[in-house]
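Visitor: Okay, here's the prediction I keep looking at, along with the sequence it came from:
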Amino acid sequence: MTARLRAREITLRYGDRIVATRLSLDVPDGAFTAVVGPNGCGKSTLLSALVRLLRPDSGHVELDGREVGGYATKALAKKLGFLPQDPLAPDDIKVRQLVGRGRFPYQSRLARLWRGHGPAGDAAGGAPGGGGPASGRPPASTRVSRQRVWMAMVLAQQTPYLLLDEPTSFLDITHQYQLLGLLARLRNEGRTVVAVLHDINQACRFADHLVAMKDGRVVAEGDPGDIVDAALIKDVFDLPSVIVPDPVTGTPMVVPTLQGE
C-alpha cells in the first residue's frame, strides 16, 4: 500500500476541547476509504485537518512528502477536492455559477472575468447534478438538491483526491446508493476517495479501506472483510450485533441484535 496523503501524530482541538491526540493515518492511494464511528469521535475534524481547514496543535499533515500548509491555495485545490457536511452558498447564485467555481484552481484572473464561460465552464455545468451546461437557475431550495449541486462542483474541480464529509446526508436511499456507486467508479478510474459515512453497511459494501474511529483515535483500519466483526462494532458503537455476508456483494453486513427497551 502506498500513501501520498498522511497525518502524522496530529493533535486537534476546537477551542479548549482536544478532539484527537497524536492521531496518525495513511490514506491509501487509489482506494475508497470510508471513515466510520459514533458522533463526536473526530471523523469530521480529521477530514478538516487533511484539507488544511484545521491546523493541528502538533504533528502535521503531508501530501507528496510536503506539509499541506506549505502549498499555495490554488496548488492544493488542484490536488484535494473537499465537500463539507452542510455547505452554504449565496441565495442568488445560479447552478452553473456554483458548479463552475470548481474550476477556480485552473482559472487565471482574466479567465475569471468571463464567469466560467467556455469549455471549462460547460464541462462544470454539465457535471452530475449541475442542471446541464445551460442551467441558469438558482440551486434548488431543498437540502437534497443543494447537496447534489455541491457534489457537482467538487467533481468539476477534477482533483486526484476527493474528501467528502457525510456526502449522503439528506439524500434518499436511491440517491445514496447512486452517489456511492459514483464514488466507487471514480476510485476504479484512479481517484483516491475518502468519505465520512454513518451507515456501516454502506461503508462495507462500497469502500475497500475502512477506518473505524472512537474518542479521537483510530481503533481499527483495513479491508472491511478483515476487520469488521461483532467485537469491533460493540467496541466502536456500543452495539450488539451479528455479522453476516451481504447477499449481493458478500461484504460484511452488520445486523443489530439490540431489541430496545
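Guide: Cool, got the structure. Numbering: from 1, shown residues only.
Visitor: Provide a list of residues in contact with Pro56.
Guide: The contact partners of Pro56, taken as Cβ atoms under 8 Å, 6 or more residues apart in numbering, are 10-12, 49. Glycine gets a C-beta too; all of them are placed from N, C-alpha and C.
Visitor: can we see that at 10 Å?
Guide: Taking Cβ atoms under 10 Å, 6 or more residues apart in numbering, we find Pro56 in contact with 7-13, 20, 22-23, 49, 69.
Visitor: Same check on Gly59?
Guide: Going by Cβ under 10 Å, 6+ apart, Gly59 touches 7-12, 20-24, 49.
Visitor: Quick check: the gap between it and Arg6.
Guide: Using Cβ to Cβ, to the nearest Å, Gly59 is found at 10 Å from Arg6.
Visitor: shared neighbours, these two?
Guide: Residues touching both Gly59 and Arg6 (Cβ under 10 Å, 6+ apart) are Ser24.
Visitor: So in terms of bridging, what pairs with Ala34?
Guide: Following DSSP bridges, Ala34 is listed with bridge partners Ala195, Leu210.
Visitor: roughly how far apart are it and Leu239?
Guide: The gap separating Ala34 from Leu239 is 17 Å, by Cβ to Cβ.
Visitor: Narrow the contacts of Gly59 to those that are buried.
Guide: Buried subset of the contacts of Gly59 (neighbour count, 16 or more other Cβ atoms under 10 Å): 7-8, 10-12, 20-21, 23, 49.
Visitor: any chance of those residues in a markdown table, with pLDDT too?
Guide: A markdown table is the format used below for the buried ones among the contacts of Gly59 (pLDDT from 0 to 100):
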| residue | pLDDT |
| --- | --- |
| Ala7 | 97 |
| Arg8 | 97 |
| Ile10 | 97 |
| Thr11 | 97 |
| Leu12 | 96 |
| Ala20 | 95 |
| Thr21 | 94 |
| Leu23 | 96 |
| Ala49 | 96 |
